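Student: build me a structure from this.
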Amino acid sequence: ISIDIATGVYADSGVLSNIAVKSAQTITFESPKLGHFLSNGYSHTGELFIYSIGHKKNNKKSTRLIEAKDIFKIIKPRNIQSNKYLKGKILSLTGSINYTGASLLSGAACIKSGCGILKQIYPLSLFKKMIKMKESIDLPMDDRENGYLTSGNFKEIQSLYEWPDSFLIGPGLSYEKKSRELISKILSTYPGNCIIDATALSVIDYPKDKFKKLPR
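Tutor: So this is what the prediction gives:
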């Protein structure tokens, strides 16, 4: 059992020193530290208990811990008379020759979390694998048997921009240069809400642009 934070874990980063205690439980005071959650600090904290010792809390901290109660605040009860057209439309650009699983899993997550309609864009050469997602509308596009889409598919994808409430882009996309060029083009032109993950994150020039050139 560790008090405050496990010995050998840096409190501001969770990085370990050369020797660190791996606790079953940690008791800390007033507020958790970043090191309880980041890097290897999470696995070395174990079960975390937080107790007040009378200190005045600093409410101006720039870091916030998202908890279940925060999520429940933004989940609205569903109207029992609603239909799929009222529950949100998601367009998905995911998956490539070696990573169809990422596309199928992220598509399943869209359906499971309650979206009404999911349209999945994917390379035509992956059709036999991608039709395993029975709940989605398929939008296979010609990839010339490459196993990934390129800028040659951009105009066809752009024609779909006005349809979704949110555009999911990234899981399982190829790291090939031509694939990354397509992703970059989409992120710089798509005007709506976007969920960016995996390969799509890798094309962001964060040191230069931060997140200024990205969709909402």
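
Student: any idea which helix is longest in this protein?
Tutor: Counting residues, the longest helix in the chain under DSSP state H turns out to be helix 100-112.

Student: off-centre distance for the helix or strand following that helix?
Tutor: The helix or strand immediately downstream of helix 100-112 is strand 117-123, counting by DSSP states H and E. Centre-to-centre, strand 117-123 and its host chain are 17 Å apart (CA atoms, centre = their mean, to the nearest Å).

Student: mind listing the strands for the chain?
Tutor: 2-3, 25-29, 47-51, 89-93, 117-123, 137-141, 166-169, 194-196 (DSSP state E).

Student: okay if I get the ones you listed as a markdown table plus mean pLDDT, distance to Gly107 and mean neighbour count?
Tutor: (Each C-beta comes from the backbone N, C-alpha and C, glycine too.) Output for the strands of the chain, formatted as a markdown table (pLDDT from 0 to 100; distance: least, CB to CB, whole Å; neighbours: other CB atoms under 10 Å):
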| stretch | mean pLDDT | distance to Gly107 | mean neighbour count |
| --- | --- | --- | --- |
| strand 2-3 | 97 | 41 | 16 |
| strand 25-29 | 96 | 38 | 17 |
| strand 47-51 | 96 | 34 | 12 |
| strand 89-93 | 96 | 6 | 24 |
| strand 117-123 | 95 | 6 | 23 |
| strand 137-141 | 94 | 11 | 14 |
| strand 166-169 | 96 | 9 | 24 |
| strand 194-196 | 93 | 12 | 18 |
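
Student: now these as CSV including distance to Lys213?
Tutor: Formatted as CSV, these follow (distance: least, CB to CB, whole Å):
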stretch, distance to Lys213
strand 2-3, 43
strand 25-29, 39
strand 47-51, 38
strand 89-93, 18
strand 117-123, 22
strand 137-141, 25
strand 166-169, 14
strand 194-196, 12
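
Student: among these, which is nearest Glu67?
Tutor: strand 47-51 (11.6 Å; CB to CB).

Student: what does that closest one contact?
Tutor: Strand 47-51 has contacts (CB atoms under 8 Å, 6 or more residues apart in numbering) with 24-32, 36.

Student: likewise for stretch 172-180?
Tutor: Contacts with stretch 172-180, where a contact means CB under 8 Å, 6+ apart, come from 93-103, 106, 146-151, 183, 198-200, 202-203.

Student: same check, this time on stretch 124-142
Tutor: Here stretch 124-142 makes contact (CB under 8 Å, 6+ apart) with 92, 95-97, 100, 103-104, 107-108, 111, 117-123, 143, 145-147, 149, 153, 156-157, 160.
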